[in-house]
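Asks: Could you work out the structure for the sequence below:
(one chain, ligands or ions: 1)
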Amino acid sequence: MTEPRPGRTCPVAYRYGAQALAAPAALQVDTLWVAGGLYGNLFALERLLELYRREPGRKALVFNGDFHWFDVNPGDFLRVNRSVLEHCAMRGNVETELASPAESAGCGCGYPDWVGDEDVARSNRIIERLRETARRVPGAAAQLAALSMHLAAQVGAERVGIVHGDAESLAGWGFSQEVLAGGQGARAAREACARAGVRLFASSHSCLPVLQLLDAGHAVINNGAAGMPNFAGTRFGLATRISVRRGAGALYGARVGGLWVEAVALEYDAAAWERSFLAQWPAGSDAHRSYYQRIAHGPRYAAKQALRLGEPVT
Ligand SMILES: [Fe+2]
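Replies: Residues are numbered from 1 along each chain as shown. Take a look at the predicted model:
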């Protein structure tokens, strides 16, 4: 029998399957904002809410998981929790492991082989610390446990599947830019759209953004992180906007069926966020070692790598 490896394995309770997304839509709007991977960044949250408030018409904002992560300060944790739960929220692996830790799941990230062992060990220690914070916030665990892992939304005349990981599970990497870059990954995503009866999926979790057309009428958009930089040399987060109307000032986007699908930059106060991060995770701490470089300088990834409108997969 294979030994469970904390942070590497995907707990059985994380699995739902694309069929689960074929359920009736829980939201009916003209514009849907989706923000995954806020990671406890209150400054990105403030910017997101500011942009969302300006959006006219029938709308919804969905936090598709991992809104907590760096917010080990109980005051910050409480503010994130309160604010996010005023909107439509789903749980990611972080909230799931805070609410009801699965044995040997660690951080619940289900990290693939290309993520190093040291990073995985640090993530497992970060979740342990965050659990101590969550225990000090009365009622938080129960609130997070009650959140859904997936959601179907009706945007205009189209159905959209919203997940944290991929079509199969909460911490799946099937909608990561790495997996979608392969023909097999893109074909699986297209089949998942058919099984879920959706025009596209919006996801997060794998931490790098991608907007990929799967064929003329189907796509996956992964916002990477709302609360961390997503591209080299930048310091803004990203949110996803899906609407019957084209938005103003999207970083990139595509027309998918009757929808505009766009990545929107969250230009938060990066200096203030860095100070807040360092106060919670000083040099030498686990989160500093894993994330400071990205927070200060962005990952080795470019926007032109994220937008994939090329030949549909066959
Ligand atoms: Fe995640």
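
Asks: from here on, contacts and neighbour counts on C-alpha atoms
Replies: Fine.

Asks: Setting the sequence-adjacent residues aside, check what's closest to Gly65.
Replies: Gly92 (3.7 Å; Cα to Cα, 6 or more residues apart in numbering).

Asks: confidence score at Pro4?
Replies: What the model reports as pLDDT for Pro4 is 56.

Asks: does Leu213 belong to a helix or a strand, and which?
Replies: In this structure, Leu213 sits in strand 210-215 according to DSSP states H and E.

Asks: Now do the same for that strand: mean pLDDT, whole number.
Replies: 97.

Asks: relative orientation of the next helix or strand after that strand and strand 210-215 in degrees?
Replies: Downstream of strand 210-215, the first helix or strand assigned by DSSP H and E is strand 218-222. Comparing the axes of strand 218-222 and strand 210-215 via axes from the mean of the first three to the mean of the last three Cα atoms, to 10 degrees yields an angle of 170 degrees.

Asks: How about residues contacting strand 218-222?
Replies: Strand 218-222 has contacts (Cα atoms under 8 Å, 6 or more residues apart in numbering) with 175-176, 189-190, 193, 199-204, 208-214, 240, 256-257, 261.

Asks: Inside strands: which ones of these?
Replies: 200-203, 210-214, 240, 256, 261 (DSSP state E).

Asks: Pick out whichever of the residues you listed sits closest to Thr234.
Replies: Val210 (16.2 Å; Cα to Cα).

Asks: among the contacts of strand 218-222, which ones are buried?
Replies: Buried positions within the contacts of strand 218-222, assessed by neighbour count (16 or more other Cα atoms under 10 Å), are 175-176, 189-190, 193, 199-204, 208-214, 240, 256-257, 261.

Asks: before we move on, the earlier item: for the ones in strands among the contacts of strand 218-222, give me TSV that also has distance to Ile162.
Replies: Output for the ones in strands among the contacts of strand 218-222, formatted as TSV (distance: Cα to Cα, whole Å):
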residue	distance to Ile162
Leu200	9
Phe201	6
Ala202	5
Ser203	6
Val210	15
Leu211	14
Gln212	15
Leu213	16
Leu214	17
Thr240	11
Val256	15
Val261	13
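
Asks: Downstream of the strand or helix carrying Arg275, the next helix or strand is which one?
Replies: Under the criterion of DSSP H and E, Arg275 resides in helix 270-280. Toward the C-terminus, helix 270-280 is succeeded by helix 286-297 as the next helix or strand (DSSP H and E).

Asks: tell me the angle of that following helix relative to helix 270-280?
Replies: Using the same axes, to 10 degrees, helix 286-297 lies at 170 degrees relative to helix 270-280.

Asks: which other residues reach helix 286-297?
Replies: By Cα under 8 Å, 6+ apart, helix 286-297 touches 70, 119, 122-123, 125-126, 228-229, 232-235, 274, 278, 281-283, 299.

Asks: Make a PyMOL selection of the buried ones in the residues you listed.
Replies: Buried residues within the contacts of helix 286-297, by 16+ other Cα under 10 Å, are selected in PyMOL with:
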select buried, resi 70+119+122+123+126+228+229+234+235+274+281+299
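
Asks: Can you identify the helix in this protein that spans the most residues?
Replies: helix 117-135 (DSSP state H).

Asks: how far off helix 286-297 does it point, in degrees?
Replies: Using the same axes, to 10 degrees: helix 117-135 against helix 286-297 is 100 degrees.

Asks: could you dump helix 117-135 to PDB, C-alpha only?
Replies: The C-alpha coordinates for helix 117-135 follow below in PDB (Å, rounded to 0.1, in the frame of the first residue of the first chain):
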ATOM      1  CA  ASP A 117       9.500  18.500  -1.500                       C
ATOM      2  CA  GLU A 118      10.800  21.500   0.400                       C
ATOM      3  CA  ASP A 119       7.900  23.700  -0.900                       C
ATOM      4  CA  VAL A 120       5.400  21.000   0.000                       C
ATOM      5  CA  ALA A 121       6.800  20.700   3.600                       C
ATOM      6  CA  ARG A 122       6.700  24.400   4.100                       C
ATOM      7  CA  SER A 123       3.000  24.600   2.900                       C
ATOM      8  CA  ASN A 124       2.100  21.800   5.400                       C
ATOM      9  CA  ARG A 125       3.700  23.900   8.200                       C
ATOM     10  CA  ILE A 126       1.900  27.100   7.000                       C
ATOM     11  CA  ILE A 127      -1.500  25.400   7.200                       C
ATOM     12  CA  GLU A 128      -0.700  24.200  10.700                       C
ATOM     13  CA  ARG A 129       0.000  27.700  11.800                       C
ATOM     14  CA  LEU A 130      -3.100  29.000  10.100                       C
ATOM     15  CA  ARG A 131      -5.200  26.400  11.900                       C
ATOM     16  CA  GLU A 132      -4.000  27.800  15.200                       C
ATOM     17  CA  THR A 133      -5.300  31.200  14.000                       C
ATOM     18  CA  ALA A 134      -8.700  29.800  12.800                       C
ATOM     19  CA  ARG A 135      -9.200  28.100  16.200                       C
END
